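[1] need a structure here:
(2 chains)
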There are 2 protein chains.
Amino acid sequence: MKIRVVKNVLASSEQAARANRCRMDDAGVVMINVLSAPGSGKTCLLEKTIPALAPDIRCAVLVGDLQTTRDAERLHAAGAPVTQINTGKGCHLSPAEVAAGLDSLDLAGLRCLFVENVGNMVCPAAFDLGEHLRVVLLSTPEGDDKVAKYPTLFQPADVILLTKVDLMDVLDYNPAQVRADLAHINTRAPLIELSARTGAGMDRWLAWLRERLGRR
Amino acid sequence: MKIRVVKNVLASSEQAARANRCRMDDAGVVMINVLSAPGSGKTCLLEKTIPALAPDIRCAVLVGDLQTTRDAERLHAAGAPVTQINTGKGCHLSPAEVAAGLDSLDLAGLRCLFVENVGNMVCPAAFDLGEHLRVVLLSTPEGDDKVAKYPTLFQPADVILLTKVDLMDVLDYNPAQVRADLAHINTRAPLIELSARTGAGMDRWLAWLRERLGRR
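    Numbering: from 1, shown residues only, chains lettered A, B, ... in the order given. The predicted structure follows:
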């Protein structure tokens, strides 16, 4: 008996990712896969980023969660078209789920599609969704040891955002440890320290984003 | 063609979990599976719990991470025999990995084995490792919306620890939301608020643990 199952699933996943990327290219939309642990501040970051890019850069969001539409409600209030994808027990968004989500969005006039993945430092990292850019968040309360512990998340990142830096003073946090670990894993991606709540560092993130959106 | 692969994997996983539980029962050891998102404070909790239980309750730890032995080093310093299991790209500990880890531990004289799972709110929840008790942590910086978003993690918990409550004042945190969500998902497990750093609430956790260890 040949075990064809897993191979077929992966092949079809790559195919679906390629199809998503073609669809985005045809529409002139840049897809950005946003990954992190649960509660690192993905939704809060997008709540602040979307209005800051408007009106010249129009954004939409596909947001993945096992359950609830809480993130979608917050992002809708931030002024973006949003589709929530509930994965049930699924630990990551698949390119097929993203494709289904795209069917519900009007891509005309959009420049940027954020895909807020399921909060998980392991599984989402293994799946290309068809994105053009991959943004990885690490929040200070998670600790300064996570880069070395979860290299598969940080290695393919195009930018790494160290979030909730407003809490750094009350935490026993050592950002030098993060930089030292990144030196072994990913020297290509800039590390931007920010707090979406206070606004600190948001200018550097928005400048990076505008520059990368301008390149395509 | 019959697809037997997944079924066999799951059956063998359940079998390995049962074998682990029998092995623990024979040795008079209570196995406790500790689950949470990355950086919720599992290692810090155990660093404080192990010395607080000594010398009458002797503990050991199996700790899972994709990479590094950082947690094992910290727990070793806390005075417990520790084995680190590196899962590579694996998103959870499997009962087979736990069985292999057990081979490296001397169970004689032990009363309690903590299994610190890979930091992940999704995948570890789906795997019985052969544990007798399941402890789930949720840290305040992760947000007060996580219970409803990750019900599969919180539903089978025997106790839920709301950690890092010393940060609650600087966060816009609403513990009532956590309680309201738990009322729909798990009314069996107590919710204990604590800070391993300051020691607040540790007495309630230790009392719960001693009581449950005494029952077996």
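
[2] okay, CA-based contacts and neighbour counts for the rest of this
    Noted.

[3] residues from chain A in reach of chain B?
    Residues of chain A lying close to chain B (C-alpha under 8 Å from any C-alpha of the partner chain) are A:3, A:5, A:37-40, A:65-68, A:89-91, A:119-123, A:141-143, A:146, A:148-152.

[4] Just the ones in strands from these, please.
    Judged by DSSP state E, the subset of these located in strands is A:D65.

[5] Taking the residues of chain A next to chain B, please make a PyMOL selection of just the buried ones.
    To isolate the buried ones among the residues of chain A next to chain B in PyMOL, judged by 16 or more other C-alpha atoms under 10 Å in any protein chain shown, type:
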select buried, chain A and resi 37+38+39+40+65+66+67+68+89+91+119+120+121+122+123+141+142+143+146+148+149+150+151+152
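
[6] Now, the residues of chain A next to chain B that are in helices?
    Among the residues of chain A next to chain B, the members found in helices (DSSP state H) are A:V5, A:K146, A:A148, A:K149, A:P151, A:T152.

[7] now, which of these sits nearest chain B?
    Nearest to chain B among these: A:K149, at 4.8 Å, using C-alpha to the nearest C-alpha.

[8] contacting residues around the helix or strand harbouring A:E211?
    Taking DSSP states H and E as the definition, one finds A:E211 inside helix A:202-215. Contact with helix A:202-215 is made by A:V30, A:T49, A:A52, A:L53, A:C112, A:I192, A:L194, A:S195, A:A196, as judged by C-alpha atoms under 8 Å, 6 or more residues apart in numbering or on different chains.

[9] For it, give the mean pLDDT please.
    For helix A:202-215, the mean pLDDT works out to 96.

[10] State the number of residues packed around the closest residue in space to A:I185 that isn't next to it in sequence.
    Leaving aside its chain neighbours, A:I185 sits nearest to A:Q155 (5.6 Å; criterion: C-alpha to C-alpha, 6 or more residues apart in numbering or on different chains). A total of 19 residues lie near A:Q155 under the criterion other C-alpha atoms under 10 Å in any protein chain shown.

[11] repeat for A:R212
    For A:R212, using other C-alpha under 10 Å, the count is 13.

[12] Kindly provide the distance from it to B:M202.
    Per C-alpha to C-alpha, to the nearest Å, A:R212 is found 48 Å from B:M202.

[13] so where is chain A shaky, pLDDT-wise?
    Applying pLDDT under 70 to chain A flags residues A:1-10.

[14] What are the boundaries of the strands in it?
    A:30-35, A:59-65, A:82-86, A:112-116, A:133-139, A:159-163, A:191-193.

[15] Out of the ones you listed, flag the one nearest B:R216.
    strand A:59-65 (37.5 Å; C-alpha to C-alpha).

[16] State the paired neighbours of the closest one in the sheet, together with their directions.
    strand A:82-86 (parallel), strand A:112-116 (parallel) (DSSP bridges).

[17] neighbouring contacts of the last one?
    When contacts are taken as C-alpha under 8 Å, 6+ apart, the neighbours of strand A:112-116 outside the stretch itself are A:29-35, A:42-43, A:57-64, A:213.

[18] Just the CA atoms of it, as CSV, please.
    Extracted C-alpha coordinates of strand A:112-116, given in CSV (Å, rounded to 0.1, in the frame of the first residue of the first chain):
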residue,chain,number,x,y,z
CYS,A,112,-3.2,45.4,0.9
LEU,A,113,-4.7,42.2,2.4
PHE,A,114,-3.7,41.3,5.9
VAL,A,115,-4.2,37.6,6.8
GLU,A,116,-4.3,37.4,10.6
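
[19] Any idea how far that strand is from the middle of the chain?
    Distance of strand A:112-116 from its chain centroid, counting by C-alpha atoms, centre = their mean, to the nearest Å, is 7 Å.

[20] For A:L45, which residues are in contact?
    Contacts of A:L45 (C-alpha under 8 Å, 6+ apart): A:A196.

[21] Can you name the residues bridging to the residue nearest the centre of chain A?
    In chain A, the residue lying closest to the centroid (C-alpha atoms, centre = their mean) is A:V34, at 0.2 Å. Judged by DSSP bridges, the bridge partners of A:V34 are A:E116, A:V135.

[22] So it versus chain B, what's the distance?
    Distance from A:V34 to chain B, counting by C-alpha to the nearest C-alpha, to the nearest Å: 17 Å.

[23] contacting residues for that residue?
    Contacts of A:V34 by C-alpha under 8 Å, 6+ apart are A:K42, A:F114, A:V115, A:E116, A:N117, A:R134, A:V135, A:V136, A:L137.

[24] let's see 6 Å
    By C-alpha atoms under 6 Å, 6 or more residues apart in numbering or on different chains, A:V34 lies in contact with A:V115, A:E116, A:N117, A:V135, A:V136.

[25] any idea which of those is closest to B:L167?
    For the contacts of A:V34, the nearest to B:L167 is A:V136 (23.8 Å; C-alpha to C-alpha).

[26] ok, that closest one touching A:I160?
    Yes. Counting by C-alpha atoms under 6 Å, A:V136 touches A:I160, with 4.9 Å between them.

[27] picking up where we left off before, nearest to B:H184, out of the strands paired with strand A:59-65?
    strand A:82-86 (18.1 Å).

[28] how far is that closest one from where the chain is centred?
    Put simply, strand A:82-86 sits 14 Å off its chain's centre (C-alpha atoms, centre = their mean).

[29] now stretch A:51-61
    With C-alpha atoms, centre = their mean, you get 16 Å for stretch A:51-61.

[30] How about stretch A:156-167?
    For stretch A:156-167, the distance to the chain centre is 11 Å (C-alpha atoms, centre = their mean).

[31] got the strands paired with strand A:59-65 as a markdown table, with distance to A:A100 columns?
    Listed next are these as a markdown table, based on distance: least, C-alpha to C-alpha, whole Å:
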| stretch | distance to A:A100 |
| --- | --- |
| strand A:82-86 | 9 |
| strand A:112-116 | 13 |
